[in-house]
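>>> Sequence plus predicted model, see below.
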Protein chains: 2
Amino acid sequence: MKVALLGLGSVGQGIASMVLKKGLGITITGLADSKSGIIDAKGINIEEILVRKRGGNPAGDTSVSAMDVVQNADYDVLVEVTPTNISTGEPARTHITSALRKGRHVVTSNKGPIALHHRELLTLADTHHVSLRYEATVCGAIPIIHILEHGLLGNQVKALHGIMNGTCNFILTRMSEEGLSYEQALAEAREMGYAEADPSYDVKGIDPAIKLVILANAIWNLGVTLHEVEITGIDQITPEALRLAGEDDATIRLIAEAIPARQLLRVSPRILPRSHPLVVKGTLNAVTLETDMAGSLTFIGKGAGSIETASAIIGDILFIREQYDGCS
Amino acid sequence: MKVALLGLGSVGQGIASMVLKKGLGITITGLADSKSGIIDAKGINIEEILVRKRGGNPAGDTSVSAMDVVQNADYDVLVEVTPTNISTGEPARTHITSALRKGRHVVTSNKGPIALHHRELLTLADTHHVSLRYEATVCGAIPIIHILEHGLLGNQVKALHGIMNGTCNFILTRMSEEGLSYEQALAEAREMGYAEADPSYDVKGIDPAIKLVILANAIWNLGVTLHEVEITGIDQITPEALRLAGEDDATIRLIAEAIPARQLLRVSPRILPRSHPLVVKGTLNAVTLETDMAGSLTFIGKGAGSIETASAIIGDILFIREQYDGCS
């Protein structure tokens, strides 16, 4: 399986290091970071690239762009793991559409293009008889898209509830367990590297709302957008609210939920009994699906991390190989 | 998709009623209960059969056997949901091998043949270029086999821990929450229909050990048998033990676990913190997989029930259709 890899941040480096370590029948024949690119049909020396990146150097030749790699490398699957732009989805959207038009499969962790252009991109993939997979865009290492696509065939999913942002869940866990204020817990999340310098994308609930849009469109193909999600973040939650919930053996978590029959698409802090399956600790993610035959199913796992995200990307690459090999 | 259905107990009736209700592109062309059979290439009138069964009558013609259906019906997939025989796997094993030898796919909820003859049956399916699927043998509605086969490609599963018996989990939940004795909680489980008149198959840990064998062989293809599982049941657990665990904010659950690197294959009561993801309530099942890339993942759902088991069977039938249709 020949792969072209766009993006060499923590996820891209995670993928490269796993391919280097495990082999997996994957050869990287094209590669680009934000400043450079490299194309080698015989397979790029990953070890050398990782050493160069860790030394702060560009991965390849500064005269080669990501688009050059998309257009000129010899690959079966484009792996798009550049940073997300949630307003335009660019430049990932252009990379993805170009690869699909060339009849190449695409695997991405990039939420922007999938949240903004889900239907358009999947239609384009269909037209060109290739796959577009995006397991890595939602809930980290939990194979929720695989479960929805293949594990529950025949079921109707009636509702989805989940904890889809590890940063918020970490902050709420610390406030609940240690009685910290929001500001103290946020400072701790920053120290641990879980929160950005500007944490608003997480704590205002934008990130889980984007994941909710991706999952709702994956399940029901409704074509919903971020604007349709009712969003309340966690930045107004007080230690008092958590203490009161605790007195009833309950706690507060930031829950993303979609219930089409009630036209509900919402991210908001909710009070849940401590024994509720969705009440997970720290940076974990958890998703519950309500189905007509399989009943209620909950899936829990790490919501972020370079190796966990690499796991989702690699799972998608190998699933594509299996699907297309199984036929020959 | 033409299906021959062997077994019309609660699972068989669950499948038939879901096919009747939802269609799903499935036609039942052969069918047998313990006393009779019916073959109709144009599709059997399911509604009529269900009425007959509920009236206590045989489903079909008493001169037609299950083996006649296997040999003479016109079907793509044999669905084997007759009662489990854990000593010999019969008659299910013979039904399954006969169908595979005829080049037909098989989907089963029958633990006996899968726990006893996993490798032999899968090899036979391979030889005849057909699928043998058994999602319904383990953990009810949780699509754990799908997740293992397709959702985590590229990962190495290092360990498996789970609550795989709803009856034991119900008894332990009631003992823990209400301070009941083992005998009181068992009596309650019987009243609710969760425990058999002879509950030893569940409470001695045999049932979860069989499921552990099936999962261990599915993951690692070790060819292990029930005799290799170290088994301790829950029938010696006292309310005092649960009270003591409770004082440390912990509880006791019957955990099935497999860790090949430590040659560990065990079912035994274990003390777990109440906040542990595996600590689920009532008749729920839960499974944790420890993997090298995706980290630790936990899956929670209903472990039994006719519609939940039908969900797993129907999911397998439709997955086979998708796999083989995707190629044409």
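Good, I have the coordinates. Residues are numbered from 1 along each chain as shown, chains lettered A, B, ... in the order given.

>>> did I read that right, A:L265 in a strand?
Yes. When DSSP: H, G, I helix; E, B strand; the rest coil is applied, A:L265 is found to be in a strand.

>>> For it, give me its contacts.
For A:L265, the residues meeting the contact criterion (Cβ atoms under 8 Å, 6 or more residues apart in numbering or on different chains) are A:L212, A:V213, A:A216, A:V224, A:E228, A:V229, A:E230, A:E257, A:A258. For the C-beta atoms, the positions are set from N, CA and C on the backbone; glycine is no exception.

>>> same question, A:L116
With Cβ under 8 Å, 6+ apart as the criterion, the residues that contact A:L116 are A:I86, A:T88, A:G89, A:R93, A:T225.

>>> and the first one, backbone torsions?
According to degrees, to the nearest 10, the main-chain angles of A:I86 amount to phi -90, psi -10.

>>> gap between the spatially closest residue to it that is not a sequence neighbour and B:D292?
In space, and not counting its chain neighbours, A:I86 is closest to A:G112: 5.1 Å by Cβ to Cβ, 6 or more residues apart in numbering or on different chains. Counting by Cβ to Cβ, to the nearest Å, the separation of A:G112 from B:D292 is 29 Å.

>>> out of these two, which sits in the busier spot?
A side-by-side neighbour count of A:G112 and B:D292, using other Cβ atoms under 10 Å in any protein chain shown, places A:G112 first with 22 against 16.

>>> In what element of secondary structure is that one found?
In the assignment (DSSP states H and E), A:G112 maps to helix A:111-127.

>>> State the mean pLDDT of the following helix or strand past that helix.
The first helix or strand that comes after helix A:111-127 along the chain, using DSSP H and E, is strand A:132-133. Model confidence over strand A:132-133 averages 98 on the pLDDT scale.

>>> about what we covered before: contacts only, for the residue nearest to A:I86.
Applying Cβ under 8 Å, 6+ apart, one finds that A:G112 lies in contact with A:T84, A:N85, A:I86, A:S87, A:T88, A:G89, A:E90, A:A92, A:R93.

>>> List the buried residues in the helix holding A:G112.
A:K111, A:G112, A:P113, A:I114, A:A115, A:L116, A:H117, A:H118, A:L121, A:L122, A:L124, A:A125 (16 or more other Cβ atoms under 10 Å in any protein chain shown).

>>> Likewise for stretch A:3-15?
When burial is assessed from 16+ other Cβ under 10 Å, stretch A:3-15 yields the following buried residues: A:V3, A:A4, A:L5, A:L6, A:G7, A:L8, A:V11, A:G12, A:Q13, A:G14, A:I15.

>>> wait, is the last one part of a helix?
Yes. Residue state for A:I15 (three-state DSSP) corresponds to a helix.

>>> Correct me if wrong: it contacts A:V79.
Yes. In this structure A:I15 lies within contact range of A:V79 using Cβ atoms under 8 Å: 6.6 Å.

>>> what do these two both touch?
Jointly contacting A:I15 and A:V79 under the rule Cβ under 8 Å, 6+ apart are A:L5, A:I313.

>>> since we're on the residue nearest to A:M293 when sequence neighbours are not counted, how many residues are nearby?
Spatially, and ignoring its direct neighbours in sequence, A:M293 is nearest to B:S311 (3.6 Å; Cβ to Cβ, 6+ apart). The local packing count at B:S311 equals 31, with neighbours defined by other Cβ under 10 Å.

>>> One more: A:A261?
Neighbourhood size, A:A261 [other Cβ under 10 Å]: 7.

>>> The one 5 residues further on now?
Each residue near A:R266 was counted by other Cβ under 10 Å, and the total is 20.

>>> Please look at the residue nearest to A:M293 and A:T291 and confirm they touch.
Yes. Counting by Cβ under 8 Å, B:S311 sits close enough to A:T291 to count as a contact (7.4 Å).

>>> Give me the common contacts of the two.
When contacts are counted by Cβ under 8 Å, 6+ apart, B:S311 and A:T291 have A:L152, A:N155, B:A141 as shared neighbours.

>>> of all the residues you listed, which comes closest to A:K204?
Each of these was checked against A:K204 using Cβ to Cβ; the closest is A:L152, at 31.9 Å.

>>> contacting residues for the closest one?
If a contact means Cβ under 8 Å, 6+ apart, then A:L152 has A:L289, A:T291, A:A294, A:L297, B:P143, B:S311, B:G315 as its contacts.

>>> hmm, try it at 10 Å
By Cβ atoms under 10 Å, 6 or more residues apart in numbering or on different chains, the residues touching A:L152 are A:219, A:289, A:291, A:293-294, A:297, B:141, B:143, B:146, B:311-312, B:314-315, B:318-319.

>>> of the residues you listed, the lowest pLDDT goes to which?
When it comes to pLDDT, B:A141 is the least confident member of the contacts of A:L152, at 93.

>>> secondary structure class for that one?
B:A141, by the three-state scheme (three-state DSSP), is coil.

>>> wait, it sits on B:N285?
Yes. At 8.6 Å, B:A141 and B:N285 qualify as touching, with contact defined as Cβ atoms under 10 Å.

>>> Overlap of the contact sets of the two?
Residues within reach of B:A141 and of B:N285 at once, by Cβ under 10 Å, 6+ apart, are B:G301, B:K302, B:G303, B:A304, B:E308.

>>> The closest residue to A:S98 other than its chain neighbours: how many residues sit nearby?
Leaving out its chain neighbours, the residue that sits closest to A:S98 by Cβ to Cβ, 6+ apart is A:V70, at 4.9 Å. A:V70 is surrounded by 27 other residues when neighbours are defined as other Cβ under 10 Å.

>>> A:V70: what's it in contact with?
By Cβ under 10 Å, 6+ apart, A:V70 lies in contact with A:4, A:6, A:30, A:32, A:37, A:78, A:80, A:91, A:94-99, A:101-102, A:104, A:106.

>>> after the helix or strand harbouring it, next one along is what?
Here A:V70 is covered by helix A:66-72, with elements defined by DSSP H and E. Going down the chain from helix A:66-72, the next helix or strand is strand A:77-80, by DSSP H and E.

>>> and stretch A:315-328, C-alpha only, in PDB?
The C-alpha coordinates for stretch A:315-328 follow below in PDB (Å, rounded to 0.1, in the frame of the first residue of the first chain):
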ATOM      1  CA  GLY A 315      -6.900   1.400  10.800                       C
ATOM      2  CA  ASP A 316      -8.600   3.300   7.900                       C
ATOM      3  CA  ILE A 317      -5.700   2.700   5.500                       C
ATOM      4  CA  LEU A 318      -5.600  -1.000   6.300                       C
ATOM      5  CA  PHE A 319      -9.400  -1.300   6.100                       C
ATOM      6  CA  ILE A 320      -9.300   0.200   2.600                       C
ATOM      7  CA  ARG A 321      -6.600  -2.400   1.600                       C
ATOM      8  CA  GLU A 322      -8.800  -5.200   3.000                       C
ATOM      9  CA  GLN A 323     -11.900  -4.000   1.300                       C
ATOM     10  CA  TYR A 324     -10.300  -3.700  -2.100                       C
ATOM     11  CA  ASP A 325      -8.000  -6.800  -1.800                       C
ATOM     12  CA  GLY A 326     -11.000  -9.000  -0.600                       C
ATOM     13  CA  CYS A 327     -12.400  -8.700  -4.100                       C
ATOM     14  CA  SER A 328      -9.500  -9.700  -6.200                       C
END
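
>>> buried stuff in that stretch?
Of the residues in stretch A:315-328, A:G315, A:D316, A:I317, A:L318, A:F319, A:I320, A:R321, A:Q323, A:Y324 count as buried by neighbour count, 16+ other Cβ under 10 Å.

>>> Skip the chain neighbours and tell me the closest residue to the fifth one.
Read it as A:F319. Ranked by Cβ to Cβ, 6+ apart and with sequence neighbours excluded, the top spatial neighbour of A:F319 is B:L153, at 5.6 Å.

>>> Surely that neighbour is in contact with B:H146?
No. Distance between B:L153 and B:H146: 11.8 Å, which falls outside the contact criterion (Cβ under 10 Å).
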